[in-house]
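A.B. asks: build me a structure from this.
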Amino acid sequence: MSMHFGFINSLQSVADRLARGSCLVAGLLSVSLISAFAFADEPGTPVTRASDFTLIDQHGKAFNLHYHEQAPAIVLLGHQTGSGAVAAAVAQLSEQWAAQGVVSALLNPAPGQSRADIMADAERSGLDLPILKDEAGLVTQTLALNHVAEALVIEPGRWQIVYRGPADAAAFATTVQALLDGDRIDLNEQAMPADAALLARHDSVAAMSDTFYSDTIAPMLVEKCADCHRPGGIGPWAMTSHAMIQGFSPMIRETVLTKRMPPWHADPEIGEFLHDLSLSVDEQRQLVTWIDAGAPRGAGEDLLASVEAQNTKWELGEPDLVVTLPKFDIPATGTLDYQFFEVENPLDRDVWVRAVQVSPGDRQVVHHAIATFGASSNSAGQSDSGESLFQPQLMTFVPGNETYEYPEGTGVYVPAGTSFYTQMHYTTYGRATSDETQIGLYFSEEAPEHVLQHYSILNLDLEIPQGKAEHEEAAYYQFQRDAVIYSLFPHAHYRGRASEFSIRYPDGREEVVLSVPNYDFNWQRYFQFEEPIDAPAGTFVIHRTVYDNSTANVSNPDPAVDVRFGEQTWEEMLYGGISFRYAEPGENDFEINADDYMAGIAMGFMDLNMDGKVALNEMPEQSRQQLALPFTIMDRDKTMGLEYPEFREFLIQSNMMSRDGF
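C.D. replies: Residues are numbered from 1 along each chain as shown. From the prediction side, this is the model:
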């Protein structure tokens, strides 16, 4: 099951040879707290500052208010489905304003409405603006946006609300034009008409009892937050008492509204996953309401006082093998490149792994770790290459996901003579330290019925234009056998903005099974389905990622360059991981067939229109004439394209997949 360390080099060699026309395949393969917590100065006083927030619109796209800092003006409108007042208000928005960079969006806090319902209503009403679903009602509450068709005009940068009132008032248009002209203005508040409808939202949280903190808030924080925010945990501060929570409550409120915490970025309306850290609508409302009330202690036990420091004891008992990575020193401050370590396998026998635990030496600096294995190199220790990511995988560690017990009846085969490889992402936290992470492996006494597989979706031919805010790249993996999918892993670098996986079944039906509308490079994880997905032979797993190479992306290393595929964080990747098993066991499932794997990856991004075959016009333009004859010969069924078996055979016969690279 091992793959040689030169996997990417082999793919890139394929690309080089294709570009010369000799074969078929081309080019394989802190957030700043800018929005300080802001409520009204005193109850009943006007809200004049626009706190940051992140919401998802009717199309499943994330909208972050402070992302639009470079816009000349931002307009927010209260929205309710079926409202003629909303349609009339939207009609007041000048198309010229949008052309001049004004950002407009509608806010809908109505409880119980799905985004599909909102989208259907928008289509009927002719509304083409983002409609942001504020299910918990916390954003509209914080902005004091109370009426249907009520307009707020926000001046970015200062984040001041400079207009509040009807969208059909003359002062509304005057205010927007003043911002376009570069004028600095103060709040102009106009009264809403007496018959203006109130926005539908949740009823207020029931009066808090004297034990609300001990009965509701503390248990919520223990379950969703304290695993990271504990002594020795990766969180920058520890939730050890009510006093700590009260002191940090403004920041907690802000991170909940911007969806930075808890760190769970899957779209809540798509799929159900294990280890879901997100707060429910009720939990969000309870937590923010309690904070707005001053975060009172009340009576009862403080569960946070019993939160223990993180220890490195093995959750599943003593491992059968402990792999200790090289010691690595982490400075007090700064940003570190990913580190790659190789440790030779000390065993002289083949083993089946049934579970893995990653135990960091210093949890505060280990952001994530990806453990793989493969053929040993000539020099174990520290490496600067990420090629180990494309070898068979043992697990991905993130805080809260330290242990991976493989699905029942599955295992991973690790032969003797291999090495263990680990990609480490370290983060600094103000104190110099060192880490010596250990990986505990648990073995099965007998071979399992199924081999747990980890395959990759790649697009090594991606190119992101300079300055472009939304650029999509895609690729797919097609199952050649019936399979059962357990989990998916989206990966990009600092320009990654949103990511999704969809499944297209052999009957043509396609559904999105995982969407990450607000991708965050700092928080990466495998998303494990509560119910595994059956994928018949011929099923496509399609991975799409949207990249932001503009100046609005504060994490962008350099918006002035075209970006290509690369391992370093200032480059980019479209990389999707799939964890699955075959529905029926095969004799050689514990091995990776290099030809199959390479052909599957290559076809996944060469097939630009994703019709299941690679056509001649999908080849590099400079090579098409030379490829025309061999292409025609290999297209035995005369479909004007090479399906997977033909494509794989052509790569082999063209010597494109030399086994020297594996």
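A.B. asks: can you tell me which residues contact residue 300?
C.D. replies: By Cβ atoms under 8 Å, 6 or more residues apart in numbering, the contact set of residue 300 is 210, 211, 213, 214, 215. Using the backbone N, CA and C atoms, a C-beta is placed for each residue, glycine as well.
A.B. asks: if we go to 6 Å?
C.D. replies: By Cβ atoms under 6 Å, 6 or more residues apart in numbering, the contact set of residue 300 is 211, 214.
A.B. asks: again, but for residue 294
C.D. replies: Counting by Cβ under 6 Å, 6+ apart, residue 294 has no contacts.
A.B. asks: now it: which helix or strand?
C.D. replies: Per DSSP states H and E, residue 294 falls between elements, in no helix or strand.
A.B. asks: phi and psi next, for it.
C.D. replies: When read as degrees, to the nearest 10, the backbone of residue 294 gives phi 100, psi 10.
A.B. asks: distance of it from residue 88?
C.D. replies: Distance, residue 294 to residue 88, by Cβ to Cβ, to the nearest Å: 41 Å.
A.B. asks: for residue 326, same thing?
C.D. replies: Relative to residue 88, residue 326 is positioned 66 Å away (Cβ to Cβ).
A.B. asks: with neighbour numbers in mind, choose between the two.
C.D. replies: With neighbours defined as other Cβ atoms under 10 Å, residue 326 and residue 88 compare such that residue 326 has more, 16 against 12.
A.B. asks: just to check, the more buried one is in contact with residue 341?
C.D. replies: Yes: applying Cβ atoms under 6 Å, one finds residue 326 in contact with residue 341, separated by 5.5 Å.
A.B. asks: and the contacts of stretch 144-153?
C.D. replies: 47, 75-78, 80, 83, 85-86, 89, 161-164, 167, 172, 175-176, 192, 196-197, 199.
A.B. asks: just stretch 549-556 next, same as before
C.D. replies: Contacts of stretch 549-556 (Cβ under 6 Å, 6+ apart): 67, 70, 464, 467, 468, 469, 494, 495, 559, 563.
A.B. asks: mind running it again at 7 Å?
C.D. replies: With Cβ atoms under 7 Å, 6 or more residues apart in numbering as the test, stretch 549-556 has contacts from 67, 70, 464-469, 471, 494-495, 521, 548, 559, 563.
A.B. asks: distance of residue 627 relative to residue 359?
C.D. replies: Per Cβ to Cβ, residue 627 is found 51 Å from residue 359.
A.B. asks: same question, residue 155
C.D. replies: On the measure of Cβ to Cβ, residue 155 and residue 359 end up 49 Å apart.
A.B. asks: quick one: the helices in the stretch 101-250 of the chain?
C.D. replies: Residue ranges of the helices in the stretch 101-250 of the chain, as given by DSSP state H, counting those that start in this stretch, are 115-125, 138-143, 170-180, 212, 218-224, 242-257.
A.B. asks: distance of residue 454 relative to residue 394?
C.D. replies: 9 Å.
A.B. asks: which of these two has more neighbours?
C.D. replies: residue 394 (26 against 22).
A.B. asks: SS state for that one?
C.D. replies: Of the three states, residue 394 takes strand according to DSSP: H, G, I helix; E, B strand; the rest coil.
A.B. asks: helices along this structure, start to end?
C.D. replies: 7-19, 84-91, 95-99, 115-125, 138-143, 170-180, 212, 218-224, 242-257, 281-292, 594-606, 624-634, 644-653 (DSSP state H).
A.B. asks: so which of those helices is nearest residue 439?
C.D. replies: Of all the helices of the chain, it is helix 7-19 that lies closest to residue 439, at 21.5 Å by Cβ to Cβ.
A.B. asks: what is the rounded mean pLDDT of the closest one?
C.D. replies: Here helix 7-19 scores 47 as its mean pLDDT.
A.B. asks: and the residue of the chain most remote from its centre, how close does it get to residue 82?
C.D. replies: Relative to the centre of the chain, the most outlying C-alpha is that of residue 194, 44.3 Å out, by Cα atoms, centre = their mean. Per Cβ to Cβ, residue 194 is found 21 Å from residue 82.
A.B. asks: and residue 183, how many neighbours?
C.D. replies: Once other Cβ under 10 Å is used to define contacts, residue 183 is seen to have 11 neighbours.
A.B. asks: for the residue lying closest to residue 135 once chain neighbours are set aside, grab the count of nearby residues.
C.D. replies: Among residues not flanking residue 135 along the chain, residue 281 sits closest, at 5.1 Å (Cβ to Cβ, 6 or more residues apart in numbering). Applying other Cβ under 10 Å, we find 15 residues neighbouring residue 281.
A.B. asks: surely residue 281 meets residue 137?
C.D. replies: No: look at residue 281 against residue 137 with Cβ atoms under 7 Å: they stay out of range, at 8.7 Å.
A.B. asks: list the contacts of residue 443.
C.D. replies: Counting by Cβ under 7 Å, 6+ apart, residue 443 has contacts 320, 351, 352, 353, 354.
A.B. asks: so what pLDDT did the most centrally placed residue in the chain get?
C.D. replies: The chain has residue 519 as the residue nearest its centroid, 3.6 Å off, counting by Cα atoms, centre = their mean. pLDDT, residue 519: 95.
A.B. asks: that one touches residue 500, doesn't it?
C.D. replies: No: look at residue 519 against residue 500 with Cβ under 7 Å: they stay out of range, at 9.6 Å.
A.B. asks: joint contacts of these two?
C.D. replies: What both residue 519 and residue 500 touch, as defined by Cβ under 7 Å, 6+ apart, is an empty set.
A.B. asks: now residue 452: closest residue in space, sequence neighbours ignored.
C.D. replies: Excluding its sequence neighbours, the residue lying closest to residue 452 (Cβ to Cβ, 6+ apart) is residue 410, at 4.1 Å.
A.B. asks: before we move on, what about residue 474?
C.D. replies: Closest to residue 474 by Cβ to Cβ, 6+ apart is residue 544, at 4.4 Å.
A.B. asks: for the one you found, list the residues it contacts.
C.D. replies: Listed by Cβ under 7 Å, 6+ apart, the contact set of residue 544 reads 472, 474, 500.
A.B. asks: not counting sequence-adjacent ones, nearest residue to the last one?
C.D. replies: Leaving out its chain neighbours, the residue that sits closest to residue 500 by Cβ to Cβ, 6+ apart is residue 515, at 4.3 Å.
A.B. asks: so who does that neighbour touch?
C.D. replies: 60, 266, 267, 270, 500.
A.B. asks: can you tell me how far it is from residue 68?
C.D. replies: Relative to residue 68, and taking Cβ to Cβ, residue 515 is found at 22 Å.
A.B. asks: swap in residue 352?
C.D. replies: As judged by Cβ to Cβ, residue 352 and residue 68 stand 52 Å apart.
A.B. asks: and what of residue 89?
C.D. replies: Distance, residue 89 to residue 68, using Cβ to Cβ: 20 Å.
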